[in-house]
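Chemist: Show me how the following folds:
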Amino acid sequence: MLSFKQGQGFVYFLPQVGFGVWGGWVAYALYMAILGSTLWWRWQYSRPKDAKQTKGDK
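Modeler: Take a look at the predicted model:
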């Protein structure tokens, strides 16, 4: 399935870091913060320059 035996994972050094259960939540929160910031930055600074305005737009 999607589980590994002990010592058979992709990386072997992460359990020794000592974050335990909180490590997954912290990693998820950091991932979401970075993803959200990246999408916000892209939306703010990469708008299409050649977008045509319609009659109702100012």
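Chemist: Any idea how many residues pack against residue 22?
Modeler: With neighbours defined by other C-beta atoms under 10 Å, the count for residue 22 comes to 9. (Each C-beta comes from the backbone N, C-alpha and C, glycine too.)
Chemist: so which helix or strand takes in it?
Modeler: helix 20-45 (DSSP states H and E).
Chemist: burial of residue 23, as a residue count?
Modeler: 13.
Chemist: Looking at it now. What's its pLDDT?
Modeler: Confidence at residue 23, expressed as pLDDT, is 74.
Chemist: same thing with residue 35?
Modeler: 96.
Chemist: burial measure for it, as a count.
Modeler: Neighbours of residue 35 under the rule other C-beta under 10 Å: 10.
Chemist: Check the one 3 residues further on too.
Modeler: Residues within reach of residue 38, counting by other C-beta under 10 Å, total 10.
Chemist: what's the answer for residue 36, then?
Modeler: 10.
Chemist: Can you tell me how far it is from residue 29?
Modeler: Distance of residue 36 to residue 29, computed by C-beta to C-beta, to the nearest Å: 11 Å.
Chemist: So which elements touch the helix holding residue 22?
Modeler: If you count contacts as 3 or more C-beta pairs under 8 Å, 6 or more residues apart in numbering; DSSP states H and E, helix 20-45 packs onto no helix or strand.
Chemist: Of all the residues in that helix, which ones are buried?
Modeler: Using 16 or more other C-beta atoms under 10 Å as the test for burial, helix 20-45 gives no buried residues.
Chemist: can you start the count at 299 instead of 1 from here on
Modeler: Taking 299 as the first residue, the last one we looked at is helix 318-343.
Chemist: which residues touch residue 330?
Modeler: Under the criterion of C-beta atoms under 8 Å, 6 or more residues apart in numbering, residue 330 has no neighbours.
Chemist: What does the pLDDT read for it?
Modeler: 97.
Chemist: How much space separates it from residue 336?
Modeler: Residue 330 is 11 Å from residue 336, by C-beta to C-beta.
Chemist: what residue ranges in this structure are flagged as low confidence?
Modeler: Within the chain, the stretches with pLDDT under 70 are 299-302, 304-317, 345-356.
Chemist: how about 90 then?
Modeler: Low-confidence regions of the chain, defined by pLDDT under 90, span residues 299-325, 340-356.
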